[in-house]
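# Give the three-dimensional model of this entry:
(one chain, ligands or ions: 1)
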Amino acid sequence: MTAASLPVDQWITPATTRGEARRLVADAFAAARLDTPALDARVLLCKALDIAAIDLATEPDVAIGPAAAALADMVARRLRREPVARICGRQEFWGLPFTLSAATLVPRPDTETLVEAALKAMRDEGRAGSRLRILDLGTGSGCILIALLSELPAATGVGIDLSPEAARMARDNAAMNGVGERASFLVGDWAAAVKAPFDLIVSNPPYIGTGDIEALAPDVKLYDPRLALDGGPDGLAAYWRVGAEAWRLLRPGGHLFVEVGAGQAGDVGRLFAQHGLEDWVAIRDLAGIERVIHATHRHDAGDMHQSP
Ligand SMILES: C[S@@+](CC[C@H](N)C(=O)[O-])C[C@H]1O[C@@H](n2cnc3c(N)ncnc32)[C@H](O)[C@@H]1O
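Numbering: from 1, shown residues only. Model prediction:
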């Protein structure tokens, strides 16, 4: 009989040493076919014991003591495919810490492609030090807006989410990362409640086709909020709204950056062109996948659509 076939609290006890626990947990995760068993074991052990990775490596013979119960609970959750970031309630993005809740998507490294591209555009225009106004549609944890504000010292931003809990979390994250005074967060249906021109609009909207959600990995399908995933029947529903809002709200010469799913770049670029957003280009992520669409609002101010 292997440890993995027993309830976790029977093989993780206060007498288990750090080194044994590390090996047992990694073995159980490997047997459950998790992608990164050794890494997950180390991160959860450090979290449960409130120690640094170096303490785990240099003092493996210390018994884990009363933290055994918390560790057993975390391991059982991971074996049910809950992502490590959710169990820890934290994820790093753009080198900054973000607190998560059940209402927020776990920020993905791919989304840093969008942040990088938007920053490059601002720097290329020599505007990184300007008083830019930024709008983040579907802000979730606030990761995109907060990362941008951390790099653009005179910019201010508005983040909007339909989920009140996500908007609250984003507000807390902005304060934690020292940009709270330059960011405001609203609850709303995309940008329906927002006026005034913006220099930069960013969005990572839900883009999974409704019928494709069931086939996603359990870590995603069971734990990321449905509101953050479901992009309607063809995955493109949110882009129609974001495109229309960008046309209405961007100042002439302003920029729109959106994340897209693999294979969606052409559809989203053409959709934005139908909204009058010109010169769209696709930007690839580190895996070579077209991950971000950049479009520009080139019309004169007099051409701008009026809000209904
Ligand atoms: C893919 S998640 C992105 C979250 C975050 N920006 C990120 O990159 O990690 C999409 C976000 O859009 C929000 N959302 C979905 N429908 C919305 C709507 N109608 N209006 C505003 N936000 C919406 C979801 O709650 C979710 O936080």
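# and the stretch 151-300 of the chain, which of its residues are near the ligand?
Contact residues (Cβ under 6 Å from any ligand atom) of the stretch 151-300 of the chain with the ligand: 160-163, 166, 189-190, 204-206, 227-228. For glycine as for every other residue, the C-beta is placed from the backbone atoms N, C-alpha and C.
# Between the residues you listed, which sits nearest residue 131?
For residue 131, the nearest member of those is residue 160. The distance, counting by Cβ to Cβ, is 20.2 Å.
# picking that back up, looking at the residues of the stretch 151-300 of the chain next to the ligand, which is nearest residue 76?
The shortest distance between residue 76 and any of those, using Cβ to Cβ, involves residue 228 and amounts to 24.9 Å.
# For that closest one, which non-adjacent residue is closest in space?
residue 105 (4.1 Å; Cβ to Cβ, 6 or more residues apart in numbering).
# just checking, that neighbour touches residue 140?
Yes. Under the contact definition of Cβ atoms under 8 Å, residue 105 touches residue 140, with a separation of 4.8 Å.
# Between these two, which is the more surrounded one?
More neighbours surround residue 140 than the other of residue 105 and residue 140, with 29 against 22 (other Cβ atoms under 10 Å).
# Low-confidence ranges, the stretch 201-308 of the chain, go.
Low-confidence segments of the stretch 201-308 of the chain (pLDDT under 70): 299-308.
# so the residue sitting nearest the centre point of the chain, which of the three states?
With distances taken as Cα atoms, centre = their mean, the residue of the chain nearest its centroid is residue 107 (2.0 Å). Put simply, residue 107 is coil when judged by DSSP: H, G, I helix; E, B strand; the rest coil.
# and it, what pLDDT?
pLDDT, the model's per-residue confidence, is 98 for residue 107.
# can you check the one 10 residues further on too?
With respect to pLDDT, residue 117 has a value of 98.
# what's near enough to touch it?
257, 283, 292, 294 (Cβ atoms under 8 Å, 6 or more residues apart in numbering).
# what does residue 146 give?
Taking Cβ under 8 Å, 6+ apart as the test, what residue 146 contacts is 96, 98, 170, 173-174, 177, 179, 183.
# Need those in TSV (columns: neighbour count).
Shown next, in TSV, are those (neighbours: other Cβ atoms under 10 Å):
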residue	neighbour count
96	17
98	26
170	30
173	29
174	25
177	20
179	24
183	25
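# Closest to residue 64 out of the residues you listed?
Residue 64 lies nearest to residue 98 out of the contacts of residue 146, by Cβ to Cβ, at 27.8 Å.
# which one is that closest one nearest to, not counting chain neighbours?
In space, not counting the residues next to it along the chain, residue 98 is nearest to residue 141; the distance is 4.7 Å by Cβ to Cβ, 6+ apart.
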